[in-house]
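> Next comes the sequence, and after it the predicted model I'd like to discuss.
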Amino acid sequence: MLLIARTKEFNKDQALHQAMLLFWKKGYEAASIPDLLEVMGISRSSLYDTFSDKQTLYTDALEHYKKGTFNKQAILEHASSVRDGILQFFEYHIASAYDTSLPGGCFVTNVATTLESPDEKINELIKTSFLELEQAFCDLLEKGQQRGEIDKTTDIKALSYLLLNLHQSINIMAKADQNPERAKEMISFVIAGI
């Protein structure tokens, strides 16, 4: 009699989301294969059949995280004014960075600050993530200049880079300080000067 092995079906997106949360919390090195199997609710063979290896799973988890961050950038794209857009973006970001139901900070920032020698694909994902956010800030600021909300002499490239760095610093402070009010005060101070 021929026996056919049955593969366990699972929700790939849900399993990937759980892997992302574990990598976000523990980092690549500390997230063991047994830990990943447990949180993903899958077998070892399913992990390797679906994701090939731990490194590919890590890259897929990072890409999964990035897809969710586009909602935040949409705030900038659809803002009615520069100041309102930046304020709403950072209110949302601060709430996310300090959300106690999440590992804290930002997965991309954690990857950028904890991997000593990321592989080329991960390095490119991080770089692209930062460039896309900086460009989203720049696009909003350019619109603001065109509408007369921002002085024409303002260096919007430098201001975009400043906003990107504030975004990243909030991620780090959320992990270290746990005081969102200071982050909100900082953003209010910056917006008042735009």
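Looks like it came in fine. Residues are numbered from 1 along each chain as shown.
> By residue count, which helix of this protein is the longest?
helix 120-146 (DSSP state H).
> Flag every buried residue along that helix.
Of the residues in helix 120-146, 122, 125-126, 129-130, 133-134, 136-138, 140-141, 143-144 count as buried by neighbour count, 16 or more other Cβ atoms under 10 Å. Bear in mind the C-beta positions are built from the backbone N, C-alpha and C, glycine included.
> now do stretch 49-59
Buried positions in stretch 49-59, judged by neighbour count with 16+ other Cβ under 10 Å: Thr50, Phe51, Lys54, Leu57, Tyr58, Thr59.
> Quote the end-to-end distance of that stretch.
The separation between the terminal residues of stretch 49-59, taken as Cα to Cα, to the nearest Å, is 16 Å.
> From Arg182, how far out is Val190?
Val190 is 13 Å from Arg182, where distance means Cβ to Cβ, to the nearest Å.
> neighbour count winner among those two?
When Val190 and Arg182 are compared for neighbours, Val190 comes out ahead with 16 against 12, by other Cβ atoms under 10 Å.
> what number of residues lie near the residue lying closest to that one once chain neighbours are set aside?
Nearest non-adjacent residue to Val190, counting by Cβ to Cβ, 6 or more residues apart in numbering: Leu166, 6.6 Å away. As a burial measure, Leu166 scores 18 neighbours (other Cβ under 10 Å).
> so Leu166 touches Phe189, yeah?
No: Leu166 is beyond contact range of Phe189, at 10.3 Å (criterion: Cβ atoms under 8 Å).
> where does the protein have low pLDDT?
Residues of the chain meeting the criterion pLDDT under 70: 1-8, 70, 115-118.
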